[in-house]
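**Q** Okay, predicted coordinates and the sequence, questions at the end:
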Amino acid sequence: MFCSNCGKEIKNDDQFCPFCGARNPRCVQPSTLKYEQISKTNNNGKRHSGFIIFACILIAVCLGLSYYFITKKKKEEKWQTQYNECAQVLYSAMETAMKPRDNTSIDLITEAAARSQQLRRSISGASWIKQQLSEQIPKGKEDAYRALCDLYDSCVALKDIISNSIIIGDDVNEIYKDCLKSYIKVTDYID
């Protein structure tokens, strides 16, 4: 083999020409080989680490979205459960208020007071649930909430009139009919 710079004969494994010091391009340099292998490994590692970072970000986004939708669904289910419970409490209050008079009862005032007290307790419980419902009305449930408020108001009116009258008369029956109409609207939203 000959030096490409000075043209003198050199050994194949010489890295440099012993006469002029020029580098022998045909000689494989072990240190350069190692550097190229390390460099290729690092490039592959960079590609893998970029993919891993992208995959982690994608997984985090998917988990975040899943958590959001599951939480939203649970909140809606909780709201619906409380809605159903409130409607049931108000319906029970209506039924309590309108149950037939006990013929064995001699004291009509005591009986009216007892009914009024039961009705007051039921409405108080429904009021608390209604308050909870008003704090987080899910989208699309506004009409359901308004129907429940109408039922609540009708039951309050029924309680007030029963509290003020000893004998259930036509005025109570009219308000009870209003309560039933309101309850029928509410049942459209009960799951």
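**A** Noted; the coordinates are in hand.
**Q** mind listing the helices for the protein?
**A** Listed in chain order, the helices of the chain (DSSP state H) span 30-98, 108-135, 142-164, 170-187.
**Q** Leaving out chain neighbours, which residue sits closest to L158?
**A** Distances taken as Cβ to Cβ, 6 or more residues apart in numbering put I175 closest to L158, at 4.9 Å, once the chain neighbours are dropped. Bear in mind the C-beta positions are built from the backbone N, C-alpha and C, glycine included.
**Q** got JSON lines for the helices of the chain, with distance to D14, mean neighbour count and mean pLDDT too?
**A** Putting these into JSON lines (distance: least, Cβ to Cβ, whole Å; neighbours: other Cβ atoms under 10 Å; pLDDT from 0 to 100) gives the following:
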{"stretch": "helix 30-98", "distance to D14": "14", "mean neighbour count": "13", "mean pLDDT": "77"}
{"stretch": "helix 108-135", "distance to D14": "87", "mean neighbour count": "16", "mean pLDDT": "76"}
{"stretch": "helix 142-164", "distance to D14": "90", "mean neighbour count": "19", "mean pLDDT": "81"}
{"stretch": "helix 170-187", "distance to D14": "99", "mean neighbour count": "16", "mean pLDDT": "75"}
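**Q** possible to save these as CSV with distance to K8?
**A** Shown next, in CSV, are these (distance: least, Cβ to Cβ, whole Å):
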stretch, distance to K8
helix 30-98, 24
helix 108-135, 95
helix 142-164, 97
helix 170-187, 107
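**Q** who wins for proximity to A22 among those?
**A** helix 30-98 (16.4 Å; Cβ to Cβ).
**Q** Kindly calculate the angle that that closest one makes with helix 142-164.
**A** 30 degrees (axes from the mean of the first three to the mean of the last three Cα atoms, to 10 degrees).
**Q** Number the residues from 379 up from this point.
**A** With 379 as the first residue, the last one maps to helix 408-476.
**Q** Done for today, thanks.
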